[in-house]
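Asks: Structure for the following, please:
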Amino acid sequence: MPIGAFKQTILGAAGVAGGLDCEVLVVGGGGGGAGQDRQFQGGGGGGGIVHSSSYTCDSGVAYDLTVGAGGASNTAGSDSVFNVNSEGSVTTTLTAKGGGFGGRQGVAPSVGGGGGGG
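Replies: Okay, here's the model as predicted:
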């Protein structure tokens, strides 16, 4: 479950004057490690990243961001998403995948932004 099931407006009504090239970095939540009471446990994978060095932001447009949560034990991290509702003239949504959970003896790690260790 993303931390930001509520969404944060990062450029509100004041916005920017005209179009502006914004640099955007989106990072998914990291995956949780394997259970705490087992031997041979792997760590969770890091969240994936998406970077845009020239994302066009429009004046007066509210851009939403959902922040992915890190995973609890044996749980993958959640995705983080910029421009959730495709606002503005550039309607591209940027999604960074959550990291995979860690593997343990007899259980393979999951895949994600960064796969979990095993």
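Asks: Stretch 44-55: end-to-end distance?
Replies: End-to-end distance of stretch 44-55: 30 Å, with Cα to Cα, to the nearest Å as the criterion.
Asks: ok, now stretch 73-80?
Replies: Calculated as Cα to Cα, the first-to-last residue distance of stretch 73-80 is 19 Å.
Asks: Buried residues of that stretch, list them for me.
Replies: 74-80 (16 or more other Cβ atoms under 10 Å). To be clear about C-beta, it is placed using only N, CA and C from the backbone, and glycine gets the same treatment.
Asks: taking these one by one, which sit in strands?
Replies: Ser80 (DSSP state E).
Asks: Quick check: of the buried residues of stretch 73-80, which lies closest to Ser110?
Replies: Set against Ser110, the nearest of these by Cβ to Cβ is Ala76 (5.2 Å).
Asks: And the pLDDT at that closest one?
Replies: Looking at Ala76, its pLDDT is 90.
Asks: ditto for the one 4 residues further on
Replies: If you check Ser80, the pLDDT there is 93.
Asks: what do you get for the one 10 residues further on?
Replies: The model reports Val90 with a pLDDT of 80.
Asks: List the residue ranges of this structure that fall below the pLDDT cut-off.
Replies: By pLDDT under 70, the low-scoring segments of the chain are 1-18, 36-39, 112-118.
Asks: and which of the buried residues of stretch 73-80 is nearest to Glu23?
Replies: Nearest to Glu23, judged by Cβ to Cβ, of the buried residues of stretch 73-80 is Ser80 at 15.9 Å.
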